[in-house]
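**Student:** Based on what follows, work out the 3D shape:
(2 chains)
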Number of protein chains: 2
Amino acid sequence: MNATELWQRYQKWLYFQEGLGFYLDVSRMRFDDALIKELQPKFDKAFADMAELEKGAIANPDENRMVGHYWLRNPKLAPTPELEEDIIKTIEQIEVFAEKIHTGAIHPPKAPRFTDVISIGIGGSALGPEFVADALAPDFPNLAIHFIDNSDPAGIDRIMTQLRNRLASTIVIIISKSGGTPEPRNGMIEVKKVYAGQNLDFANYAIAITMPGSQLDELAKSENWLARFPMYDWVGGRTSELSAVGLVPAALQGIDIRAMLEGAKEMDEATRVADLKKNPAALLALSWYFAGNGKGEKDMVVLPYKDSLLLFSRYLQQLVMESLGKEKDLNGNVVHQGIAVYGNKGSTDQHAYVQQLRDGVANFFVTFIEVLEDRKTSSPEIEPGITSGDYLSGFIQGTRQALYENHRDSVTVTIPQVNPRTVGALIALYDRTVGFYGNLVNVNAYHQPGVEAGKKAAAVIIDLQKRVMEVLQNEKIALSLEAIAQKAGASDQIEAIYKIVRHLHTNQRGIVVQGNFGEPSSLTISAN
Amino acid sequence: MNATELWQRYQKWLYFQEGLGFYLDVSRMRFDDALIKELQPKFDKAFADMAELEKGAIANPDENRMVGHYWLRNPKLAPTPELEEDIIKTIEQIEVFAEKIHTGAIHPPKAPRFTDVISIGIGGSALGPEFVADALAPDFPNLAIHFIDNSDPAGIDRIMTQLRNRLASTIVIIISKSGGTPEPRNGMIEVKKVYAGQNLDFANYAIAITMPGSQLDELAKSENWLARFPMYDWVGGRTSELSAVGLVPAALQGIDIRAMLEGAKEMDEATRVADLKKNPAALLALSWYFAGNGKGEKDMVVLPYKDSLLLFSRYLQQLVMESLGKEKDLNGNVVHQGIAVYGNKGSTDQHAYVQQLRDGVANFFVTFIEVLEDRKTSSPEIEPGITSGDYLSGFIQGTRQALYENHRDSVTVTIPQVNPRTVGALIALYDRTVGFYGNLVNVNAYHQPGVEAGKKAAAVIIDLQKRVMEVLQNEKIALSLEAIAQKAGASDQIEAIYKIVRHLHTNQRGIVVQGNFGEPSSLTISAN
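**Tutor:** Just a heads-up that it's a prediction; the model follows:
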């Protein structure tokens, strides 16, 4: 395509939403009109199904659930007055609570103000809050936020050590839908002990964000925690950033949550338009479909040219891969769907892996994210007439152009600034795109059977560890791995037992090991 | 394969390096003996070529350069006594310098001690130092480190605002091989202005890490900066973590750089063994080759189950993708090689994209990184006999097992702790693996032609911007994009000009625009 044709194509496909100052350019995805024609009936179905979903249809059939994250930013859409009121009330409560924390109306027993927040959650209860904190927190936030998003003892220690002198003014938020997910539960138990070690009553510092009536909710109620906010049955973890899950941490940091909700609402409206060319989420879903042949054959590389959007790709990894990465379609056919997502930021990544994107294996398409505003103030000149922001702008243009010349496709999302409204809009844009794409390829984008399976697989190992310790404590003599396996009724699990032993031994957990760990058959193990 | 066969395979292939307490398990890569036999001659060649490389052969023919990063951790290997002495002397100088900074023997004009470091660099001058800081910095480091690794004005502002009250005790390291890479140069110029704005003489705070005789080196010399340390012609950016590039920031934070070098040296020795089964880098290269059919057909997902190793995958993205992502092989054939790398950490990612890894598109293999030590102290029990570290250990085992059952391959790297020695060893392991794999697939793993091309593409846009501004300043009337393009002699660049105009307009850079940005043909532009 020559320069004139390309410019025509650019203008033909350019999407602009004036209210948000949002642009989407799909001109460098080399789909043709035949594909549009082929997909039109699928999009018509997707638009219709999405309308049903928004009205409260059971869009997650496996779990028999409604999918209601769109109601969070426009409560009038909620299918019942009770739900509508509940959403409105929760947002108000969050704002009132954050205000009281900021003014000191609510303060810790031994300090005039809270200074820090520890947010304990994993997956959808961490990736959104982490992304938003990095994108939007003020330079000097009302409360500084710290995340415990794993079951790593050393990781927990790092946070707790750094906060040890401010623990008496540190809020802890526990985010867990059921309250039963091991990582946040482990984090909570460990953190609680640290508070107890400083003679601080945890209940005075703790907030629960969970399903009303859950194990965690009951605990928080019975111990009279500082506050409780609801997670809803009809909001999935990866679409929960604009529920209490994301809004509570954001509000505590001093981020304008109403503006986030407003931006998402505006984008929801833009992506409700039942016309492919006038709907940015549909255009994105079309691009994904084209890139990967509707089968995820190409990875999605996400490159925001803005430091503060660094964590957007991690947020999208969950949203896209957990939603779309499914074994079966809705008819039960084995399809092994999904789209792999990775990326950090430009131009930094140009000095990392863009070498491969330009020249190497062509197994990807790029999503450039461009931010028009360089900074809040005017920029110094780096050379006559040129600023560092001009360079950043030159890098995104240059790389997009160079990739295109090497037959690598890309889409470009452009926003005027990184602010609560545009971040809300980006979240909403991808919520809807994933919904459309899931519909196009006929998968349930709202469940995650593999995550449950992962939890079960870990529980099997924990159980095996208990049996191994029982065997060792009951026997007086040193045993080989094989003998332990046999006595534990787990002869097909010798390797798992070897690893359990290696881990227990390293952490001095009451076993004595003789032999060489490099030769598992040489080992004998006893309790000490 | 039944449990007994699998356990046999595990033991057969288990690699153990006792000095480092390092394990590598490739038993879950389902290669067979036929592949080993087929690759044996290639490995023999790789071992021989690597020996030549270590002796100073021109292993990077395009750039006519030696490849000497192995000498950094064992200077005796350097091909001349001068190089050997230079390496030894530099390490000593770094230690002496860091010691003087820590004791206050060298201190800023208006404070008794330096408190912070800003490290300005990109690509290989950022990813290693960032990874190492996150992995190894003490909870309360001698100096707290902050990174400027981009040309993003808002990103620079964030760091400089947060440091504004400590600037008088903040060191700035500029890391740039040539001194000409735009991002660090832009960062330096901007940061220098901020120092000047506080009436601080930048030279009293600045350190240069660059090639002796470079533009940056000359500047630092002429302005009499605090210190200068050398980058070598024969060390590539992505393998420079154990040169001054990584050692200076590490030493300033109080990280034991001798232990890092020692760990790397031990791993270098282990990966020098010319026997596939006794060489962990060769086993890894074999695994990569098997997974992607020697063509990068599978992505490499890197999952360290340890918070402090979060940035290892970003480090590896550059090392692997910039080294292997090449258009042509060494014979000039077009091959489009490479291996895509992504990942963050487990178990966190199990609640993000592991859903897709288990059930979805099977376009990857996993590298699990296991750390045996949970934490420095003993752990509280989460439930009887079980700690949060046991859960983490259960998650890695459970996920590896579940992936295997779904026919997804994985390798597992196990280290006893995250400490300077093991981190040095991990760096060295992957340096060598990339070298072997590059040899197996016959690409130059030591150049990066696409990065240069990217810089040029951006320079074209910067130049175009200057011409556009000239046109606007010379004309009295408002012009359409087309007219500007014509007058700037860039009729095939209307789209680029549209974007330049949009960016300039947003940042109030002296142009007036009429019309609707959503319809580029409606726009008229004039200088104001």
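**Student:** Which positions in the stretch 101-250 of chain A make contact with chain B?
**Tutor:** Contact residues, the stretch 101-250 of chain A versus chain B (CB under 8 Å from any CB of the partner chain): A:122-124, A:126-127, A:139-140, A:149-158, A:161-162, A:181-183, A:185-187, A:189-190, A:193, A:237. (Glycine included, C-beta is placed from N, CA and C.)
**Student:** So which of the residues you listed belong to helices?
**Tutor:** A:127, A:153-158, A:161-162, A:182-183, A:185-187, A:189-190, A:193 (DSSP state H).
**Student:** Mind checking which of the residues you listed are buried?
**Tutor:** In these, burial by neighbour count holds for A:127, A:153-158, A:182-183, A:185-187, A:190, counting by 16 or more other CB atoms under 10 Å in any protein chain shown.
**Student:** Just the closest of these to chain B, please.
**Tutor:** Closest approach to chain B among those (CB to the nearest CB): residue A:155, at 3.0 Å.
**Student:** residues contacting residue A:468?
**Tutor:** Residue A:468 is in contact with A:484, A:488, A:497, A:500, A:501, counting by CB atoms under 8 Å, 6 or more residues apart in numbering or on different chains.
**Student:** Show me which pair in the residues you listed is furthest apart.
**Tutor:** Maximum pairwise distance among these (CB to CB): 11.6 Å, between A:488 and A:501.
**Student:** Just send the buried ones among the ones in helices among the residues of the stretch 101-250 of chain A next to chain B back as TSV, with distance to residue A:272 too.
**Tutor:** Shown next, in TSV, are these (distance: CB to CB, whole Å):
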residue	distance to residue A:272
A:127	25
A:153	46
A:154	46
A:155	41
A:156	43
A:157	47
A:158	44
A:182	38
A:183	36
A:185	38
A:186	41
A:187	38
A:190	44
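**Student:** would you turn those into JSON lines with pLDDT and distance to residue A:371?
**Tutor:** Shown next, in JSON lines, are these (pLDDT from 0 to 100; distance: CB to CB, whole Å):
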{"residue": "A:127", "pLDDT": "98", "distance to residue A:371": "21"}
{"residue": "A:153", "pLDDT": "98", "distance to residue A:371": "38"}
{"residue": "A:154", "pLDDT": "98", "distance to residue A:371": "35"}
{"residue": "A:155", "pLDDT": "98", "distance to residue A:371": "31"}
{"residue": "A:156", "pLDDT": "98", "distance to residue A:371": "35"}
{"residue": "A:157", "pLDDT": "98", "distance to residue A:371": "36"}
{"residue": "A:158", "pLDDT": "98", "distance to residue A:371": "31"}
{"residue": "A:182", "pLDDT": "94", "distance to residue A:371": "38"}
{"residue": "A:183", "pLDDT": "95", "distance to residue A:371": "33"}
{"residue": "A:185", "pLDDT": "96", "distance to residue A:371": "38"}
{"residue": "A:186", "pLDDT": "97", "distance to residue A:371": "38"}
{"residue": "A:187", "pLDDT": "97", "distance to residue A:371": "34"}
{"residue": "A:190", "pLDDT": "98", "distance to residue A:371": "38"}
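**Student:** partner residues bridging residue A:367?
**Tutor:** residue A:302, residue A:411 (DSSP bridges).
**Student:** Pull out the buried positions in stretch A:258-266.
**Tutor:** So for stretch A:258-266, counting by 16+ other CB under 10 Å, buried means A:259, A:260, A:261, A:262, A:263, A:264, A:265, A:266.
**Student:** now stretch A:85-103
**Tutor:** A:86, A:87, A:90, A:91, A:93, A:94, A:97, A:98, A:101, A:102.
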